[in-house]
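Novice: No sequence on hand, only this structure:
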Ligand SMILES: Nc1ncnc2c1ncn2[C@@H]1O[C@H](COP(=O)(O)OP(=O)(O)OP(=O)(O)O)[C@@H](O)[C@H]1O
Ligand SMILES: [Mg+2]
């Protein structure tokens, strides 16, 4: 039987220690705040002067006017060099000299006339370097830019810009935005702070010489583990609230409509990360080792969880590794809940994996923890 | 009734035999001392007796429980003050005690009373809000003792409890130990101070992982295999070198203006024989052995090669 009094004693002690540790305490708030602002503004930054090429197959004056309008918008900057076909232009894009190509078809003037009469084909095509999502987004935004186009037959007629371009992402077909990044950022920040906190939790007692006293008391390993992670659950919740609230205020990230589902999956992920940290802590001999092991898990969690690169686009071995990380399942869950308004009952697969992580992790950590010095 | 029983208790670390076939019998209510130099296996023995280390060989029974199998059942009944301060430096005195009380499941009503009692007893009332890390050595030891006894254990292990404490505070500390002993607590204390060992009801002299002798301090003094003499006169350093050559002499050490000489009893020397050997410029008298002499007599052999350093052991 677990003794609640002993769990409470550990819990209270952890809180006391945490409140003494000013830097750690500040980090609880600063990490989500700074990361969100950094990521968020990097995404929202007005991208200007994207180097672009123009492949004008029509050679018409209307095309030259269009190019002048685009140039004036400052979003793109057409390079000096002339490109006569798409192939040479894409070569330049591969080389990194340009990030976007505007292809104006041979029949540009006819398309323009058709369009003004209400028959719809895109007038021109943007090929963008999708390997950089920020640049892709910038070009995409040109769709919304109202352009004043003049064709030989219809002087001074104005067109909604969305009708003008078709945008093709050349490398990366998935487009991202702040809305998409924030849920992923929750996963990354929770992975980082939750694992970091608990990975130090047990090994710190050992390193600072408290262990010999502690293991000589009647405390049970599971009581110790539970008492140790309880304060950090609260911290996780604080961090998520900061991310959501700030994301909403600064970047208009929608607040989850499925509140219950959101907190359920988030709580499960917090617990899974905390148990992972505990597991590290029972293995590591020093706090430095615990830190290294944390980074060892953190990096793949950032790279493979789907936060940075789409899961489906990853090679199979990477996908297998990703499945072993709680962050991967959480990124999936939280995107479903926040962006697609999914209910937890539709997401039982990933939820049960997280529950599995918690149960297995807790069991292993408790078993690893011996109340002995040898 | 025995609180601690051990037969052939041994512990090796790799090839190194840290504790070698130690037998122990500690009666209930006794203050039992482990006396020995650094590295002789005091801490290792205590860790085996608290169930923190498994013995490599031997049988251990503490309060009737077999160790290490039944260690968990023992925890609530024993207190352990580690050699190195093991409470939390970044918690205050009060918080440390509250934490320990919580771990030992002392009910909250009783808790504050018990803590107040301990704070008063160990003169820590004005230090309640001070972090343990900024306490003085003596205050830390008192806090550690308070924490180790908060649940009123019937058996208390103290590993070099006064190593950072001045003589005045040491005496005070020992008063508290006698109080605990009077209240029926069995105490096992390790030390390398003679004056502390002398206060114990019984002591075991340990050296290189082996028990060299055990008994009450007075028993050990009378059972000593050597007579003790004090010699005064000129050029004691040279005299000492000469005396150490003699097979009858167990040890010779200079203390101030005198030379303290241990002579094996089996050679049957008297004061007159010694005086004759020394000559008229020296005066010599037989004195009562001290515990320090007992210690030297029981551990001297192992130090035979380095006799001049004998006195370095406090
Ligand atoms: N975990 C360990 N691994 C290897 N050797 C150890 C270990 N613990 C103790 N020893 C060795 O066992 C011997 C006895 O150590 P122990 O700590 O019991 O000595 P001690 O009598 O308490 O000494 P001190 O007075 O310095 O505290 C030492 O030589 C020590 O190096
Ligand atoms: Mg020791």
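Specialist: Right, received. Where do you want to start? Quick caveat: nothing in here was measured; it's all calculated off a predicted structure. Ligands and ions are numbered 1, 2, ... in the order given.
Novice: need the contact list for the residue in the stretch 51-200 of chain A positioned nearest to ligand 2.
Specialist: Closest residue of the stretch 51-200 of chain A to ligand 2, C-beta to the ion: residue A:200 (27.4 Å). Placement of C-beta: from N, CA and C, glycine included. For residue A:200, the contact set (C-beta atoms under 8 Å, 6 or more residues apart in numbering or on different chains) comprises A:281, A:287, A:290, A:291.
Novice: need the contact list for the third one.
Specialist: The one in question is residue A:290. Going by C-beta under 8 Å, 6+ apart, residue A:290 touches A:199, A:200, A:203, A:280, A:281, A:284.
Novice: residue ranges with poor pLDDT in the stretch 101-250 of chain A?
Specialist: A:118-120, A:129-137, A:143-180 (pLDDT under 70).
Novice: Tell me where it has strands.
Specialist: A:124-128, A:147-149, A:157-159, A:165-169 (DSSP state E, counting those that start in this stretch).
Novice: same check, this time on chain B
Specialist: Applying DSSP state E to chain B gives strands spanning B:2-13, B:16-27, B:31-35, B:57-62, B:65-67, B:78-81, B:155-159, B:186-191, B:202-207, B:210-215, B:226-232, B:249-255, B:258-264, B:283-287.
Novice: Run a quick neighbour tally on residue B:184.
Specialist: Applying other C-beta atoms under 10 Å in any protein chain shown, we find 10 other residues in the vicinity of residue B:184.
Novice: Same question for residue A:252.
Specialist: Around residue A:252 there are 10 residues (other C-beta under 10 Å).
Novice: Please tell me how far it sits from chain B.
Specialist: According to C-beta to the nearest C-beta, to the nearest Å, residue A:252 and chain B sit 42 Å apart.
Novice: how much space between residue B:95 and ligand 1?
Specialist: Distance, residue B:95 to ligand 1, using C-beta to the nearest ligand atom, to the nearest Å: 28 Å.
Novice: Correct me if wrong: that residue contacts residue A:15.
Specialist: No - with contact defined as C-beta atoms under 8 Å, residue B:95 does not count as touching residue A:15 (10.3 Å).
Novice: Could you check which of those two has the larger neighbour count?
Specialist: More neighbours surround residue B:95 than the other of residue B:95 and residue A:15, with 21 against 13 (other C-beta under 10 Å).
Novice: Tell me which residues touch the residue of chain A found nearest ligand 2, please.
Specialist: Residue nearest to ligand 2 within chain A (C-beta to the ion): residue A:212, separated by 11.3 Å. Listed by C-beta under 8 Å, 6+ apart, the contact set of residue A:212 reads A:373, B:52, B:80, B:82, B:84, B:86.
Novice: In ChimeraX, select just the buried ones from those.
Specialist: Selecting only the buried entries of the contacts of residue A:212 in ChimeraX, with 16 or more other C-beta atoms under 10 Å in any protein chain shown as the criterion:
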select /A:373 /B:52,80,82,86
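Novice: Please look at residue B:271 and residue B:282 and confirm they touch.
Specialist: No - contact criterion C-beta under 8 Å: residue B:271 and residue B:282 do not qualify, at 11.8 Å.
Novice: between the two, which one's more packed in?
Specialist: It is residue B:282, of residue B:271 and residue B:282, that has more neighbours when counted by other C-beta under 10 Å, with 17 against 12.
Novice: Now do the contacts for the closest residue in space to the more buried one that isn't next to it in sequence.
Specialist: In this structure, residue B:282 finds its nearest non-sequential neighbour in residue B:233, 3.6 Å apart by C-beta to C-beta, 6 or more residues apart in numbering or on different chains. Contacts for residue B:233 (C-beta under 8 Å, 6+ apart) come out as B:239, B:278, B:281, B:282, B:283.
Novice: Show me what from the stretch 51-200 of chain B comes close to chain A.
Specialist: Contacts of the stretch 51-200 of chain B with chain A, taken as C-beta under 8 Å from any C-beta of the partner chain, map to B:51-54, B:68, B:71-72, B:75-76, B:78, B:80, B:82, B:84-91, B:95, B:98-105, B:131, B:147.
Novice: quick one: the closest residue to ligand 1 within the stretch 51-200 of chain A from chain B, how far?
Specialist: With C-beta to the nearest ligand atom, the shortest gap between the stretch 51-200 of chain A and ligand 1 falls at residue A:200, namely 22.8 Å. Distance, residue A:200 to chain B, by C-beta to the nearest C-beta: 14 Å.
Novice: Of the contacts of residue A:200, which is the most crowded?
Specialist: Highest neighbour count within these, by other C-beta under 10 Å: residue A:281, with 29 neighbours.
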